[in-house]
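Enquirer: Just the structure for this:
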Amino acid sequence: MTAACYVIANWKCHKTSDEGRRWFDRFASLYRPHSRLQVVVAPTLLSLEALAAHLGGLCLPGLSLAVQDLSPFPKGAYTGAVAADLLSPVARFALLGHSERRRHFRESDMEVVRKTGEAVDAGITPVLCVDDGNALAQLGALDDNLAMPPLVAYTPVEGMAVKVAQPPARVGEGVSRIRRLFPLWQILYGGRVTPDNATAYLEIPGIAGVMVGEASLDAEVFAQVCARAATFLGGN
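Expert: The predicted structure follows:
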């Protein structure tokens, strides 16, 4: 296990700014920080700035915001795009290359590479989502000398498609394959993570944390996942 453990909430296309504020108010009443626990919440782009302002009034050490996507281009004449430089004041992390982006928006590996470069240049840590089918192509196209090493989120597509949690042993095999290619990068697991199975995934050798989708929409449930991670880390 690495020194830090990441627990990332991906809200996907859910929650208005008001709903997000209520979520954070409830989460704040349940959250127990840990010195080695890094909690990251990725709301919709629409509510990102409002929630960043709301968090300023809450005491949530170890918690940061992430953007679910960003532009592969810098600031300029790119109608409809949001550049990394504009996001860096409110987002410390960026989820990039998620299978839903590749499937629904036809996002290519090279587009993800460009987004990664933009994120790093703006001081945003990329969280690169990969699965068995695209890990080598997507990660292999990256520059090994990136100024900011990315986090890698292993998200098997089949597990999300059938909405069934993958056996930890199978996840461990996928993590091992990625680690052989990129031994120095931190790897997370995402795919039907809940309070009931979070510890089993965190116990997989080489895992640096988990990414939570549907279960993160409920503040109490997500707080339970964070509590499992804190217990796994031990001490404080």
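
Enquirer: drop to CA atoms for contacts and neighbour counts, all remaining ones
Expert: Fine.

Enquirer: Look at Leu95 and tell me its secondary structure.
Expert: For Leu95, the assignment made with DSSP: H, G, I helix; E, B strand; the rest coil gives strand.

Enquirer: Quick check: it touching Ala119?
Expert: No. Here Leu95 does not reach Ala119: they are 10.0 Å apart, not a contact under C-alpha atoms under 8 Å.

Enquirer: more crowded one of those two?
Expert: Set side by side, Leu95 and Ala119 show unequal neighbour counts under other C-alpha atoms under 10 Å, the larger going to Ala119 at 31 against 24.

Enquirer: between Leu95 and Ala119, what contacts are shared?
Expert: By the contact definition C-alpha atoms under 8 Å, 6 or more residues apart in numbering, Leu95 and Ala119 are jointly contacted by Pro126.

Enquirer: Next up, the contacts around Val221.
Expert: For Val221, the contact set (C-alpha under 8 Å, 6+ apart) comprises Thr194, Pro195, Ala215.

Enquirer: nope, Ala28 is what I meant
Expert: The contact partners of Ala28, taken as C-alpha under 8 Å, 6+ apart, are Leu58, Cys59, Leu60.

Enquirer: in a strand, that's where it is, yeah?
Expert: No. Note on Ala28: no strand contains this position according to three-state DSSP, which reports helix.

Enquirer: what are the ranges of the helices in the protein?
Expert: Per DSSP state H, the chain has helices spanning 17-30, 45-55, 84-87, 99-105, 109-121, 135-140, 157-161, 168-181, 198-202, 219-233. These are given in chain order.

Enquirer: Reformat these as JSON lines; add mean pLDDT and distance to Tyr78.
Expert: Formatted as JSON lines, the entries for the helices of the chain read as follows, by pLDDT from 0 to 100; distance: least, C-alpha to C-alpha, whole Å:
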{"stretch": "helix 17-30", "mean pLDDT": "98", "distance to Tyr78": "25"}
{"stretch": "helix 45-55", "mean pLDDT": "97", "distance to Tyr78": "17"}
{"stretch": "helix 84-87", "mean pLDDT": "98", "distance to Tyr78": "13"}
{"stretch": "helix 99-105", "mean pLDDT": "89", "distance to Tyr78": "17"}
{"stretch": "helix 109-121", "mean pLDDT": "93", "distance to Tyr78": "14"}
{"stretch": "helix 135-140", "mean pLDDT": "71", "distance to Tyr78": "24"}
{"stretch": "helix 157-161", "mean pLDDT": "58", "distance to Tyr78": "31"}
{"stretch": "helix 168-181", "mean pLDDT": "91", "distance to Tyr78": "34"}
{"stretch": "helix 198-202", "mean pLDDT": "98", "distance to Tyr78": "40"}
{"stretch": "helix 219-233", "mean pLDDT": "97", "distance to Tyr78": "36"}
